[in-house]
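**Q** Got a predicted structure plus its sequence, pasted below:
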Amino acid sequence: MSLPTERLRSVIALEKKKGCQNTAVIGGLDKFLAKWAVEAASTINDRSVLERFRKLLSRFEYAAMPVEKRSAALDGLTALAEAVEGTPNNIALNKNQNQSEAPVVAEPPAAYRKKVTQSKAPAASPASLSLPVTALKGISEATAVKFKKLGIATVNDLLYHFPARHVDYSQTAKISSLLPGPDQTIVANIWEVRLTTPGGRRSTEAILGDETGNIRALWFNNPYLVKQLRNGDRVVISGRVSDWKGRLVFESPEWEKLEEKELVHTGRLVPVYPLTAGLFPRAVRKLMKEVVDGFSGSLSDYLPSDIRQHRGLIGLSSAVSQAHFPDDELSKNAARVRLAFDELFFLQLGVLARKRAWQHSQPALAIPTDNTLLNRFLKSLAFTLTGAQQKSLNEILSDLKRTEAMSRLLQGEVGSGKTVVAAGAILMAISAGFQAAIMAPTEILAEQHFRSLTRMLDLLATEKQAVDGITSYLGILPDRPFSVALLIGDAKESGKTAIRGRIKTGEVDLVIGTHALIQKDVKFKKLGLAVIDEQHRFGVEQRLSLRQKGTNPHILVMTATPIPRTLALTLYGDLDLSVINELPPGRQTIKTRWLKPEQRSSAYAFIRKQVDLKQQAFIICPLVEESEAVQARAATAEYENLKQDVFPEFRLGLLHGRMSATEKDSVMGAFGTGKLDILVSTPVIEVGIDVPNATVMLIESADRFGLSQLHQFRGRVGRGTEQSYCMLLAENPSEVANARLAVIEKTQDGFVLAEEDLKLRGPGEFFGTRQSGLPDLKMAKLSDVPILEMAREEATKLFQQDPGLKKPEHRALYDELIHIWPQTGEWS
Ligand code: ADP
Ligand code: MG
């Protein structure tokens, strides 16, 4: 029939003649095939041939094959050419069809998969990947709106909308061997279909049979199936089997007629997709199958083939297709490895690029260590630094002395004392004549930093004065006052304007604030050091904006999220790492109890007992939803209830995100100085709050929070010398939440908790990569340390060879990278 196959045949012949050295065509056989495939695909009408064609070609890597295997591979191509041409293929398929009608049904369903149908899909091409989903048959504007909610706009987005999991319906059983339980598959004939009304619900019932017996299937509350299933149909049925009054029944199973096409919903590893209201599993799965079949072959593989070969990674088209509709567990895993590798590889390339950009931008201003001041400061403290604090401080100070801007991550467990280390560095910056800034994620935390820093400065200074929101200390610097200001969004505009003015003139040495610090109207005279607290709360973008506030200031980011080192290097590969891996001496372990809902009153009794002992308590209200307004209302109601009905004898305070800065400040101040016994708070309390006399915490709806977040909450107690307690309440926890609560109850070690959290949630969610400006991780997991290492090594190597990705063989990779990291723009 066609020209393309003739050309393929002649290339194959020549290649064989030349001893399979990959010399028949210039550029190699793989390149030829890729081009050839595009042309040939448009001539194929038979869907199953197309399927086979894509499958073979997407995994075909001739250059990577050992020479002795090449001849057989070429034969495979010849067979494919035959299939494309027509006849022999149809015979093969007919044979398959006959098999499917054979009475024996215990065979793996793969044998039934290939069916002949006419392809209705338009010929796909790389350009078609960027088509809107509405270009697909059967997707209306209204459906597109629903997909939009899942972040899906284009065909390409659909290809990357991976299933949340797969259900294994790949093993078929005979009816006689079914047992109550999930994930079972049979191939059977329908003896009878009828409408029933169990419990008054119109439902479909079918009696199914194979040569070993009969079984009932019931689709509860679904009368529509009566019209779709017919007596005598041969069907594949997959789902849960339950025991109903001593007889087995399939409960609303997935079903598929055997005649139709390749199995999509049954008899295989069946994908389960994340959905949103108005999208239905079966319809989405069917659509995904068409999209994967029709378009995954058009994905061009940007990954350099030497990396793919070296790491044994499968091709991109094949990976995407197998991630959705895997042939088997092995292929599914190979697909995940490839896709996870890509995510981590791009992540690593991105951070390396950023680091390079920083190093190549203007030099930083060196900050020498003023040893006299530093020693005075350390002596003024009520404690001596732990070894780990001292070591971290030294690392920071030696960075500051250099003319290359510091980018350091200070990682330390909750309560390990990061603030004082930062304070040491800040003093050095200011003593050297620079300005410094601390940015915190919440106003409450910014205010607290302001309080604790001014407390440290109080000890150091001979005199202080507060005017217009600026506190000036005398006796710290030899020749001038040392001025500190707090800049938060909530403050009065006039006050903020005045402070901004003084930052600009350099009259303010140290400014502590929230996002307000990175607003356009904040200009520094000579910002030398910027400290960012609780780094995981901020995006890369925000870190960049703070950096741009000065002539390449030194940056110190602090986090209490303990990140396994390899992961830290991948996610924050642009940062050097200091770790405070010990707590100050004398810290108690916090006794943690997960209580049953009916133990609420004993929790209250316990709080009462503690408060009677002059201790203080936190009660954390449920995370209602992501709206501060709703949370504030809920917390207010809870506060009123507790105050009137539960603890009328105590002094209660309320804290939520909707309060003004002054209100928050006065509540925190009152709690900090012991004027309140119990602080009822929304989750705004999460980070950083330091009130050593608070020894008991009750967390409501603890199942709603992640492990790291619970650990952060819990870190609000146990900060003094008294034994501290944390109680967790959960009404109706899910299975995963149960696992989390069990872990937090047993474990104090933030590092272990972070590991567990990663296992339970996966790094994408764990780090909130979406918010943080890092590309989303869909496939990569913590257990992927080997992939992580692989990605890091390959990225580093590639980066050394071709830092700008300028070489032609890296063009595709470059395009993909700037697509993923459009915001960096540092690759040009
Ligand atoms: P985090 O690392 O969680 O930010 P902080 O800096 O808030 O911790 O410190 C927690 C508490 O520990 C503070 O009250 C601080 O004064 C105290 N602290 C810090 N370092 C030491 C130390 N070496 N010995 C004793 N207490 C310390
Ligand atoms: Mg802190």
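**A** Received the coordinates, thanks. Ligands and ions are numbered 1, 2, ... in the order given.
**Q** For the stretch 201-350 of the chain, which segments count as helices?
**A** Under the criterion DSSP state H, counting those that start in this stretch, the stretch 201-350 of the chain contains helices at 225-228, 281-295, 305-311, 316-324, 329-360.
**Q** tell me which parts of the stretch 101-250 of the chain are close to ligand 1?
**A** On the criterion Cβ under 6 Å from any ligand atom, ligand 1 has no neighbours in the stretch 101-250 of the chain. Quick note: C-beta positions are derived from backbone N, CA and C, even for glycine.
**Q** ok so, going back, among the helices of the stretch 201-350 of the chain, which is nearest residue 9?
**A** helix 316-324 (23.6 Å; Cβ to Cβ).
**Q** Tell me what angle the closest one forms with helix 281-295.
**A** Per axes from the mean of the first three to the mean of the last three Cα atoms, to 10 degrees, the angle that helix 316-324 makes with helix 281-295 is 170 degrees.
**Q** buried residues in helix 316-324?
**A** Neighbour-count burial for helix 316-324, counted by 16 or more other Cβ atoms under 10 Å, picks out 316, 317, 318, 319, 320, 321, 322, 323, 324.
**Q** One more: stretch 21-41?
**A** 22, 24, 25, 29, 30, 32, 33, 36, 37, 38, 40, 41.
**Q** Could you find the closest non-adjacent residue to residue 689?
**A** Spatial nearest neighbour of residue 689, chain neighbours left out: residue 716 (5.2 Å); criterion: Cβ to Cβ, 6 or more residues apart in numbering.
**Q** Quick check: of the buried residues of helix 316-324, which lies closest to ligand 1?
**A** residue 323 (40.1 Å; Cβ to the nearest ligand atom).
**Q** Test my guess that that closest one contacts residue 333.
**A** No - Residue 323 is beyond contact range of residue 333, at 10.0 Å (criterion: Cβ atoms under 8 Å).
**Q** closest to residue 533 among the buried residues of helix 316-324?
**A** Closest to residue 533, out of all of those and judged by Cβ to Cβ, is residue 323, at 38.3 Å.
**Q** residue contacts, that closest one?
**A** Residue 323 makes contact with 162, 163, 332, 335, 336, 339, 779 under the criterion Cβ atoms under 8 Å, 6 or more residues apart in numbering.
**Q** Just the pLDDT at it, thanks.
**A** On pLDDT, residue 323 comes in at 95.
**Q** How many residues are close by the residue of the chain found nearest ligand 1?
**A** The chain approaches ligand 1 most closely through residue 417 (2.7 Å), counting by Cβ to the nearest ligand atom. For residue 417, the neighbour count with other Cβ atoms under 10 Å is 20.
**Q** How much space separates it from residue 407?
**A** Counting by Cβ to Cβ, to the nearest Å, the gap from residue 417 to residue 407 is 22 Å.
**Q** cool, residue 208 as well?
**A** Relative to residue 407, and taking Cβ to Cβ, residue 208 is found at 64 Å.
**Q** quick one: which of those two has more around it?
**A** More crowded of residue 208 and residue 407, by other Cβ under 10 Å: residue 208, with 26 against 20.
**Q** Ligand 1 contacts on the stretch 251-400 of the chain?
**A** Near ligand 1, when you scan the stretch 251-400 of the chain using Cβ under 6 Å from any ligand atom, you find 383, 385, 386, 389.
**Q** Which among these count as buried?
**A** For those, buried by 16+ other Cβ under 10 Å: 385, 386, 389.
**Q** Among those residues, which one lies nearest to residue 662?
**A** Closest approach between those and residue 662, by Cβ to Cβ: residue 389, at 33.5 Å.
**Q** What lies in contact with whichever strand or helix holds the closest one?
**A** When elements are defined using DSSP states H and E, residue 389 is found to belong to helix 387-400. Residues from elsewhere that reach helix 387-400, judged by Cβ under 8 Å, 6+ apart: 366-367, 369, 385, 406, 408, 410, 412, 416-417, 420-421, 424-425, 428-429, 529, 554, 556, 576, 578-582.
**Q** In ChimeraX, select just the buried ones from the residues you listed.
**A** In ChimeraX syntax, the buried subset of those is picked out as below (16+ other Cβ under 10 Å):
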select :367,369,385,406,408,410,412,416,417,420,421,424,425,428,429,529,554,556,578,579,580,581
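**Q** Just the contacts of helix 387-400: which are in strands?
**A** Secondary structure from DSSP state E places 408, 410, 412, 529, 554, 556, 576, 578, 579, 580 of those in strands.
**Q** so who does the closest residue to the third one other than its chain neighbours touch?
**A** In other words, residue 412. Leaving aside its sequence neighbours, residue 412 sits nearest to residue 580 (Cβ to Cβ, 6+ apart; 3.2 Å). Residues counted as contacts of residue 580 (Cβ under 8 Å, 6+ apart) are 386, 388, 389, 392, 410, 411, 412, 413, 416, 417, 418, 421.
**Q** Tell me the pLDDT of residue 580.
**A** 90.
**Q** For it, give its distance to residue 418.
**A** 6 Å.
**Q** joint contacts of those two?
**A** 410, 412.
**Q** hang on, the earlier thing: would you mind finding the most buried of the helices of the stretch 201-350 of the chain?
**A** Neighbour counts (mean count of other Cβ atoms under 10 Å) averaged over each of the helices of the stretch 201-350 of the chain peak at helix 316-324, with a mean of 25.
**Q** Alpha carbons of it, as PDB, please.
**A** C-alpha atoms of helix 316-324 as PDB (Å, rounded to 0.1, in the frame of the first residue of the first chain):
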ATOM      1  CA  LEU A 316       8.600   9.700  27.700                       C
ATOM      2  CA  SER A 317       5.700   8.600  25.500                       C
ATOM      3  CA  SER A 318       5.800   5.100  26.900                       C
ATOM      4  CA  ALA A 319       6.200   6.400  30.500                       C
ATOM      5  CA  VAL A 320       3.100   8.700  30.200                       C
ATOM      6  CA  SER A 321       1.000   6.000  28.600                       C
ATOM      7  CA  GLN A 322       2.100   3.300  31.100                       C
ATOM      8  CA  ALA A 323       1.500   5.700  34.000                       C
ATOM      9  CA  HIS A 324      -2.100   5.800  33.000                       C
END
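**Q** That one to helix 329-360, inter-axis angle?
**A** Using the same axes, to 10 degrees: helix 316-324 against helix 329-360 is 120 degrees.
**Q** Start the count at 56 instead of 1 going forward.
**A** With the count now opening at 56, the last piece we talked about shows up as helix 371-379.
**Q** pLDDT score assigned to residue 766?
**A** Per the predicted model, pLDDT is 86 at residue 766.
**Q** mind checking the SS state of it?
**A** Under DSSP: H, G, I helix; E, B strand; the rest coil, the three-state class of residue 766 is helix.
**Q** and the closest residue in space to it that isn't next to it in sequence, how many neighbours?
**A** Using Cβ to Cβ, 6+ apart and skipping residues adjacent in sequence, the residue nearest residue 766 is residue 808, 5.0 Å away. A count of neighbours around residue 808, defined by other Cβ under 10 Å, yields 25.
**Q** Residue 808 contacts residue 799, doesn't it?
**A** Yes - in terms of Cβ under 8 Å, residue 808 counts as a neighbour of residue 799; the distance is 6.8 Å.
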